[in-house]
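In: just the structure for this:
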Amino acid sequence: MSKIKVILLDGSEVELNKDATLYDAALKISQKFAKEAIAGIVNGEKKDLNYTLKNNDRIEILTFTSPEGKEIYYHSTSHIMAQAVKELFPQAKLAIGPAIKDGFYYDFDLDRPFTPEDMVVIEKKMEEIIDRNLPLKRIEVSREEANKLFKERKEDYKLELIRDLQDDMLTLYQQGDYIDLCRGPHIASTGKIKVFKLLSIAGAYWRGNEKNKMLQRIYGISFDKKSELDNYLILIEEAKKRDHRKLGKELELFSMHDEGVGFPFFHPKGMVLRNILEDYWKEEHYKSGYTEVKTPIILNKSLWMKSGHWDHYKENMYFTKIDEEDYAIKPMNCPGGILIYKCTLHSYRDLPLRMGELGLVHRHELSGVLHGLFRVRCFTQDDAHIFMTPEQIKDEIKGVIDLTDRIYKTFGFSYHVELSTKPENAMGSDEIWEMATNSLEEALIDKKINYVVNEGNGAFYGPKIDFHLKDCIGRSWQCGTIQLDFIMPEKFDLFFINKEGDKEKPVMLHRTILGSIERFMGILIENFAGAFPLWLAPVQVKLLPIADRHIKYGKDIIKKLTKYNIRVELDEVNDKIGTKIRKTELEKIPYMLIFGDKELEEDLVSVRKRGKGDLGRIKIAKFVKNVLKEIKDKKLP
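Out: Have a look, this model is predicted:
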């Protein structure tokens, strides 16, 4: 029998029989590898395990340990869920069911809402389908055949998807009687799924358009080991305890109201936290050579047309009329910053010019995706725009990276970095995009920062570096971004006078570090589970008199602490001291000072520290000294 060779990821070669499949290649490597194999990549394209290989193909076998393997595993589980729903509820219509970062979902159109009891029944049906070990067969059909099939099955959403596809030949996947429109690839058979769990039900507009029908979305997760599912479910329970919406209400930080859906209301304690963040942000930026600006919230339509936002971002903007002219509420701060730059004639000696802005922006988000402080319709970006010469690009990017690193470490966050490249709706030539992307990449390489490339996810005016924070329970949050922009300076005819006395276009850097003050507050609430470090805590010290006669001593202590800007509250409620302590623990306040007759006699306080309990009795002056040092050092819990 004639032979072929294929080349593995590490450059080594494997000899196979002609007409061998990806599965055969995995089996040739080892039986264990073949058992774990989910799918593969052949010459850069994802393929099913039964894909027939050709001579000199470059291949990679995917298992659940790889991001690509997980994605295929999740996607296949979504098909199993959809099959279970169709068997239980034949009248349900199928929409879409992709893999997502943490699992999968499928959208259904059903004439009644799914219930928690339905979820249990669907899970049991999924287990049956997995036990049947049905092969997932890839089928190529013509557009006409696909239309005929889904018309017979009355799958209106699939027919709409087919209308939007340009290909003459379409790909379907079949398992048993279930058929779906899908490019794949998928696992070899349903029995490959080891463990799964359906997590929640939510509403979702068809194609994300609020003018379309609201569908029902079922979310789920799957793993190849039960221990991983158990750990994930523990994480989910821990995340529920840390939910910033729940803690925000309990700790009186913020609230959301039907009178302003998507617009958060910050309470006094929430404003303390917010102001601390903003003051810290201003201090660090001043040290790094930034000036601060503020631009209007409402600006004329002509500005947004010139910037490109009118064409590329209009569906996310709010509008109004002033003096019979069209205006828009700003979704981004950059055009306002550009107008400030244009007010003055700049020399090369003025550059780089770093302008920071804590700018309030408004973006129209669909009601179905709003989520506490994480997804709102108005938020304050910790924005900055840097105008520089082409020669300064790399150093300025490095400077932003250093500032970002310093700020994240203050809060105890580690992070990973992604480089996002040119999207489909990009403005500007390929040459400009290549130059901008290379500049970002070179800066990351110079800083010895590991990164992954996120193809096609750049802003419409330039590529970007994204920073993804990792919190204390392992979740990832996208916050900071550095966007390099050659387009806006061209569109707004920006210039500076160079060394030769000629006009030259500056390069523009857009960047945020916290991302938005609101979202970062939500992340902090969940990361610390509301138990903030002392320097961030809205109330740093709670005074607990043992009896009413000790309240006056407490008021004297307040004067001593507030003199040093230590945030303090006095509990004057006539409760037992044990009750007061338990209440303060629920409020997650870092320090309690307890005092009765003995403390008054000796001018002392008994100190309890959150998480450490009783620290003994101490003079107020000594306590103040210790607390001020802890605040100055920004110590973490």
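
In: neighbours around H244, how many?
Out: Per other CB atoms under 10 Å, the neighbour tally for H244 reads 24. (Glycine included, C-beta is placed from N, CA and C.)

In: go ahead and confirm it touches A529.
Out: No. If you go by CB atoms under 8 Å, H244 and A529 don't touch, sitting 9.6 Å apart.

In: low-confidence stretches in this protein?
Out: For the chain, the stretches with pLDDT under 70 are 1.

In: domain-wise, how is it divided?
Out: Taking automatic domain parsing as the reference, the chain has its domains at 3-63, 70-241, 262-296+335-527, 541-632.

In: now distance to L253 and mean neighbour count too, for those, in CSV please.
Out: Shown next, in CSV, are those (distance: least, CB to CB, whole Å; neighbours: other CB atoms under 10 Å):
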stretch, distance to L253, mean neighbour count
domain 3-63, 43, 16
domain 70-241, 16, 17
domain 262-296+335-527, 4, 18
domain 541-632, 11, 16
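
In: between these, which gets nearest to W310?
Out: The closest of the domains of the chain to W310 is domain 262-296+335-527. By CB to CB, the value is 10.7 Å.

In: how about P590, phi and psi?
Out: phi -60, psi -40 (degrees, to the nearest 10).

In: 52 is where my numbering starts, stick with that
Out: Okay, residue one is now 52; in that scheme the one you just asked about reads as P641.

In: ok, the closest residue to Y224 other than its chain neighbours to E375 distance?
Out: Closest residue in space to Y224, ignoring its immediate chain neighbours: C233 at 4.8 Å, by CB to CB, 6 or more residues apart in numbering. Look at C233 and E375: by CB to CB, to the nearest Å, they are 51 Å apart.

In: picking up where we left off before, could you measure from the residue nearest to Y224 over to Y502?
Out: Distance from C233 to Y502, by CB to CB: 31 Å.

In: neighbours of M356, how many?
Out: Neighbour tally, M356, other CB under 10 Å: 14.

In: tell me which helix or strand it sits in.
Out: helix 352-358 (DSSP states H and E).

In: after that helix, heading C-terminal, what element do we hit next?
Out: With DSSP H and E, the next secondary element past helix 352-358 is helix 360-363.

In: now that next one: buried residues?
Out: 360-361, 363 (16 or more other CB atoms under 10 Å).

In: same deal with stretch 371-384?
Out: 378-384.

In: who touches K445 in this structure?
Out: The contact partners of K445, taken as CB atoms under 8 Å, 6 or more residues apart in numbering, are 490, 493-494, 497.

In: which ones among these map onto strands?
Out: Nothing among the contacts of K445 maps onto strands, per DSSP state E.

In: would a markdown table of the residues you listed with distance to G450 be doable?
Out: Putting the contacts of K445 into a markdown table (distance: CB to CB, whole Å) gives the following:
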| residue | distance to G450 |
| --- | --- |
| S490 | 14 |
| E493 | 14 |
| A494 | 10 |
| D497 | 12 |
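
In: isn't Y224 up against D231?
Out: Yes. Using CB under 8 Å, Y224 is in contact with D231, at 5.5 Å.

In: quick check: phi and psi at P514.
Out: According to degrees, to the nearest 10, P514 has phi -70, psi 170.

In: hmm, it is touching L491, no?
Out: Yes. Judged on CB under 8 Å, P514 makes contact with L491 at a distance of 5.8 Å.

In: shared neighbours of those two, anything?
Out: Joint contacts of P514 and L491 (CB under 8 Å, 6+ apart) are 470, 535.

In: residue contacts, E174?
Out: 135, 247-249.

In: want to throw these into TSV with distance to K556 and secondary structure?
Out: Below are the contacts of E174 laid out as TSV (distance: CB to CB, whole Å; DSSP: H, G, I helix; E, B strand; the rest coil):
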residue	distance to K556	secondary structure
A135	58	helix
F247	54	strand
K248	54	strand
L249	54	strand
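
In: and of those, the nearest to T166?
Out: Closest approach to T166 among the contacts of E174 (CB to CB): L249, at 12.2 Å.

In: list the contacts of the closest one.
Out: With CB under 8 Å, 6+ apart, L249 has these contacts: 132, 170, 173-174, 269-271.

In: name the nearest of those relative to K603.
Out: Using CB to CB, the contacts of L249 come closest to K603 at Y270, 56.3 Å.

In: surely the closest one and A255 touch.
Out: No. Using CB under 8 Å, Y270 makes no contact with A255, being 10.2 Å away.

In: can you show me the strands along the stretch 202-351 of the chain?
Out: 220-226, 229-232, 246-256, 265-274, 305-306, 316-317, 342-343, 349-351 (DSSP state E, counting those that start in this stretch).

In: again, but for the stretch 52-201 of the chain
Out: Using DSSP E, counting those that start in this stretch, strands in the stretch 52-201 of the chain cover 54-58, 64-68, 90-93, 96-98, 110-113, 144-145, 150-151, 154-160, 188-193.

In: just the stretch 352-501 of the chain next, same as before
Out: Under DSSP E, counting those that start in this stretch, the stretch 352-501 of the chain gives strands at 369-373, 376-380, 404-413, 429-439, 465-471.

In: which one of the ones you listed lies nearest to E447?
Out: Across the strands of the stretch 352-501 of the chain, closest to E447 is strand 429-439 (CB to CB), at 5.2 Å.

In: first-to-last residue distance for stretch 94-107?
Out: Using CA to CA, to the nearest Å, one end of stretch 94-107 lies 9 Å from the other.

In: A143: which of the contacts of E174 is nearest?
Out: Of the contacts of E174, the one sitting nearest to A143 (CB to CB) turns out to be A135, at 10.5 Å.

In: contact partners for the spatially closest residue to that closest one that is not a sequence neighbour?
Out: Excluding the flanking residues, the one nearest A135 by CB to CB, 6+ apart is K176, at 3.8 Å. With contacts defined as CB under 8 Å, 6+ apart, K176 is in contact with 135, 138-139.

In: phi and psi next, for G566.
Out: Here G566 shows phi and psi, under degrees, to the nearest 10, equal to phi 90, psi -70.

In: that one and E119, how far apart?
Out: According to CB to CB, G566 and E119 sit 27 Å apart.

In: just D182 next, same as before
Out: D182 is 27 Å from E119, by CB to CB.

In: go on, A435?
Out: 36 Å.

In: got CSV for the strands of the stretch 202-351 of the chain, with distance to Q529 too?
Out: Shown next, in CSV, are these (distance: least, CB to CB, whole Å):
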stretch, distance to Q529
strand 220-226, 31
strand 229-232, 30
strand 246-256, 21
strand 265-274, 20
strand 305-306, 21
strand 316-317, 23
strand 342-343, 25
strand 349-351, 27
